[in-house]
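Participant: this one's sequence-less:
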Ligand code: MG
């Protein structure tokens, strides 16, 4: 035994495709010709030999067809020298669903970013992920500000002017952005990352709908209809947006409507809290059968990410976008 590789990581407790399933082993020092033995934890006489290939320093294991569900010690083998890499738990599935990643309030838990900041959108775009979510409130002078809570540092956005709100400073030193600021960043970006705009529930349905209209108008002004999606807890706001832009993607957040009700209203998806989807597991298939997308929020640990992909979530809204990307890649290579 010798230490040939270091910083070894790999996903565990994940399914792999039943035939041709794959698992990546990340680390420093993998070399061409490296082999891995998978020693069954329950039965040390059962050793499986996946096919190994090296791709940009990452070792890709392709599972042998006779592999069974279980826990395996992974042992690197190179020229007769061995190194234990760790234990992986794998289950075999005939087919795997894959997913898309949405950074909740942008990619903010990284240096230089704050929730709902310009930086958090730019960093989400830089990850190349499907989407970056933000929350918007309408000021008294009709400007959409980006912030999660109704107020920031004692200033209530919907009863304040935009100039007051723009003078507020986020944790990363930026001023509070307007939705227009974010749309400009989106417009200037080369990729295809979408901005998921949550219309917050204002003090009245009338004001919530005003905010929705302001958002749709601004998105049209920038010609970004195909780069934006809308979400809201307000059913009225969701259905109103569909009347303003029939091609808009709109998903309902509140979790109190069945997929059939959401479909009947002409919305394009459900975007429900994980507890709601766990309580109604049939809603994944029901939504898919109706042609609705399924988004789940807010994922903050590995098990939830794995569970929700396994259940069939098309979109994961998460505070852990970098980790979620890694899981998405695992499911992608097991298609
Ligand atoms: Mg939100």
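Facilitator: Perfect, thanks for sending it. Note that the structure is a prediction, hence the values are computed from the model and not measured. Numbering: from 1, shown residues only.

Participant: who in the stretch 51-200 of the chain is up against the ion?
Facilitator: 135, 198 (C-beta under 5 Å from the ion). From N, CA and C alone the C-beta is placed, and that goes for glycine too.

Participant: looking at the stretch 51-200 of the chain, which residue is nearest the ion?
Facilitator: For the stretch 51-200 of the chain, the residue closest to the ion is residue 198, as judged by C-beta to the ion, at 3.9 Å.

Participant: measure that residue to residue 311 for me?
Facilitator: Distance of residue 198 to residue 311, computed by C-beta to C-beta, to the nearest Å: 23 Å.

Participant: the two: who's more crowded?
Facilitator: residue 198 (26 against 17; other C-beta atoms under 10 Å).

Participant: helix or strand for the more buried one, which one?
Facilitator: Per DSSP states H and E: residue 198 is located in strand 194-199.

Participant: one more: residue 72?
Facilitator: strand 70-78.

Participant: so what touches that strand?
Facilitator: Residues outside strand 70-78 that contact it (C-beta atoms under 8 Å, 6 or more residues apart in numbering) are 4-5, 10, 25, 31, 33-42, 48, 82-90.

Participant: and residue 53, what helix or strand is that in?
Facilitator: Here residue 53 is assigned to strand 51-55, by DSSP H and E.

Participant: residue most distant from the centroid, the protein?
Facilitator: Counting by C-alpha atoms, centre = their mean, the extreme residue of the chain relative to its mean C-alpha position is residue 80, 41.9 Å from that point.

Participant: please, which helix or strand holds the most centrally placed residue in the chain?
Facilitator: Closest to where the C-alpha atoms of the chain average out (C-alpha atoms, centre = their mean) is residue 101, at 2.3 Å. Element membership for residue 101 (DSSP H and E) is strand 100-103.

Participant: any idea of the mean pLDDT for that strand?
Facilitator: Strand 100-103 carries an average pLDDT of 98.

Participant: and residue 130, how many neighbours?
Facilitator: Neighbour number of residue 130 under other C-beta under 10 Å is 22.

Participant: beta partners of the residue in the stretch 201-335 of the chain that the ion sits nearest to?
Facilitator: Going by C-beta to the ion, the ion is nearest to residue 231 of the stretch 201-335 of the chain, at 7.2 Å. Residue 231 has these beta-bridge partners by DSSP bridges: residue 198, residue 251.

Participant: great, nothing more from me.
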